[in-house]
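>>> predicted model, plus sequence, below.
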Number of protein chains: 2
Amino acid sequence: MPRRSTVPLAPRRRPRQARAQETTRAILEAAARVFAAHGYAAGTTNRIAEAAGVSIGSLYEYFPNKDAILVALMEQHIAEGETVMRALLAQPRPGKLRTVVRTFVQAMIALHAHAPRLHRVLFEEAPVPRPVWRTLAAVERRMVDDVERMLAVQPDVRVRDHALAARLVVQVIEDLTHRFVLHPDATVDAERYVDEVTTLVTSYLTRLDGREEEVVRPRP
Amino acid sequence: MPRRSTVPLAPRRRPRQARAQETTRAILEAAARVFAAHGYAAGTTNRIAEAAGVSIGSLYEYFPNKDAILVALMEQHIAEGETVMRALLAQPRPGKLRTVVRTFVQAMIALHAHAPRLHRVLFEEAPVPRPVWRTLAAVERRMVDDVERMLAVQPDVRVRDHALAARLVVQVIEDLTHRFVLHPDATVDAERYVDEVTTLVTSYLTRLDGREEEVVRPRP
DNA sequence: TCGTTATGCGAGTAATTGCTCGGATTCGCT
DNA sequence: AGCGAATCCGAGCAATTACTCGCATAACGA
């Protein structure tokens, strides 16, 4: 294969007519299918073009190289994900802490469950390009900020450092649900898992700071 | 490149003499360097051989294909990691819960910090082969069992389902430290991070079940 | 010393695959 | 209808790279 241009060139053509837009759409959709089915390395551009019902030439009219297709797919999924998740955290009438956390966990699971195979290929197998890392970091940061705002409003929250707590909460929920969906363990069902993760997070948040407080069993 | 044999052949030669063992050692060590420096895809077998000061022919005497090198490296790192971590959890005189958890967290960070670049390539970029997944799962399972035993002995532990709790704890610590080391955020220093993760885990474990209990501030 | 075995070598092979380019086809518009 | 621009096509190029094979050399055992 020819050396990939170090600086990925901009696509030579921008889709102006409707049929060209349909072409790019078909390419992305096909790429999702092909990557999910064959993995990143075996997801060749020729295969993608074929799956899209488009010639390899057309593919390269709209994507400067293979990586660009990957990036487009990733950015698309990230954007969709953020829309869903942040809408959730921005609800005007926040419920009880535990309820809010629970909803968050459930939404994150739903998000990952949408297309698990593709997710796995995109974010575990493919080499995530620099710019995508940046996007990802930015999204997470915004989500952390949202959570931090949420923490400020919840009366039960007792952790001191809201900024750090928000970060940990987002990461924990992200990682645990990620695992649960992408590398499932038959011994635990979804409801129970959601419940326990919710407990984990809630316990942490309602703590003083994990040392100085005292826990008392309520009398029966 | 020729089609990789679907069934990876056993190495044609097993190192019998000392000098052959040195060769394989050099190959693995070079592979670690090359993968860390160039990533998985660009870590070509020729480059590895060259870095090892060994001819490409020799390399293929002891490793049937590129994947086998990757697998050997992974298994090696996993084994080393398990040794360290389990030794820690098997201590005869367990301290206070918080102390045990803290040690665990610190050890996990140390583990990942040992060769972060290589770790990232091995476990985030390279396509982890099936057998390695199995090894990884087995190791994690053993670690979860160890933690579960530890929970049974600690008086402060109040979560009900020790099995599930142990799993969550191991995963959380693994994921959070992984992130902290491999994708650091300048705004938090290590000590603070260890502290907070410890708090997170401890809070969860000393909870009743996250709902029915009551937290009371001790009087000043 | 001498035969046998183990080890090392590296130029060359066979695929694979990202990507180009010249020309055919279709669309939008007057 | 007719023309320029946009779109599409796909054979084939060029680079890459995992891997082979015939042979040279070193170690071992007698």
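Right, received. Where do you want to start? No experiment lies behind these values; they were computed from the predicted model shown. Numbers count the residues shown, from 1 in each chain, chains lettered A, B, ... in the order given.
>>> could you use CA atoms for every contact and neighbour count after this?
Will do.
>>> contacts only, for A:Glu29.
Contacts here follow CA atoms under 8 Å, 6 or more residues apart in numbering or on different chains; on that basis A:Glu29 touches A:Ala52.
>>> how much space separates A:Asp145 from B:Glu82?
36 Å (CA to CA, to the nearest Å).
>>> likewise A:Ser58?
In terms of CA to CA, A:Ser58 sits 50 Å off from B:Glu82.
>>> do the same with A:His112
For A:His112 relative to B:Glu82 (CA to CA), the value is 29 Å.
>>> any weak-confidence spans in chain A?
Confidence mapping of chain A against pLDDT under 70 gives the ranges A:1-12, A:208-220.
>>> please redo it, this time with the cut-off set to 50
A:6-8, A:209-220 (pLDDT under 50).
>>> thinking A:Thr206 is in contact with A:Val157, fair?
Yes. Proximity of A:Thr206 to A:Val157 meets the contact threshold set by CA atoms under 8 Å, at 4.7 Å.
>>> quick one: residues contacting the closest residue to A:Val34 other than its chain neighbours.
In this structure, A:Val34 finds its nearest non-sequential neighbour in A:Gly43, 5.8 Å apart by CA to CA, 6 or more residues apart in numbering or on different chains. Listed by CA under 8 Å, 6+ apart, the contact partners of A:Gly43 are A:31, A:34-35.
>>> any idea which of these is closest to DNA strand D?
A:Ala31 (15.1 Å; CA to the nearest atom of the strand).
>>> output the host helix or strand of the closest one as CSV - backbone C-alpha positions only.
Assigned by DSSP states H and E, A:Ala31 belongs to helix A:18-38. Coordinates of each C-alpha in helix A:18-38 appear next as CSV, following Å, rounded to 0.1, in the frame of the first residue of the first chain:
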residue,chain,number,x,y,z
ALA,A,18,-28.4,15.2,-3.0
ARG,A,19,-27.1,12.0,-4.6
ALA,A,20,-23.6,12.8,-3.4
GLN,A,21,-24.9,13.2,0.1
GLU,A,22,-26.6,9.9,-0.2
THR,A,23,-23.3,8.4,-1.3
THR,A,24,-21.4,9.6,1.7
ARG,A,25,-24.2,8.5,4.0
ALA,A,26,-24.2,5.0,2.4
ILE,A,27,-20.4,4.9,2.8
LEU,A,28,-20.6,5.7,6.5
GLU,A,29,-23.4,3.3,7.1
ALA,A,30,-21.5,0.5,5.2
ALA,A,31,-18.4,1.3,7.1
ALA,A,32,-20.2,0.8,10.4
ARG,A,33,-21.5,-2.6,9.2
VAL,A,34,-18.1,-3.7,7.8
PHE,A,35,-16.1,-2.6,10.8
ALA,A,36,-18.5,-4.3,13.2
ALA,A,37,-18.4,-7.5,11.2
HIS,A,38,-14.7,-7.7,10.2
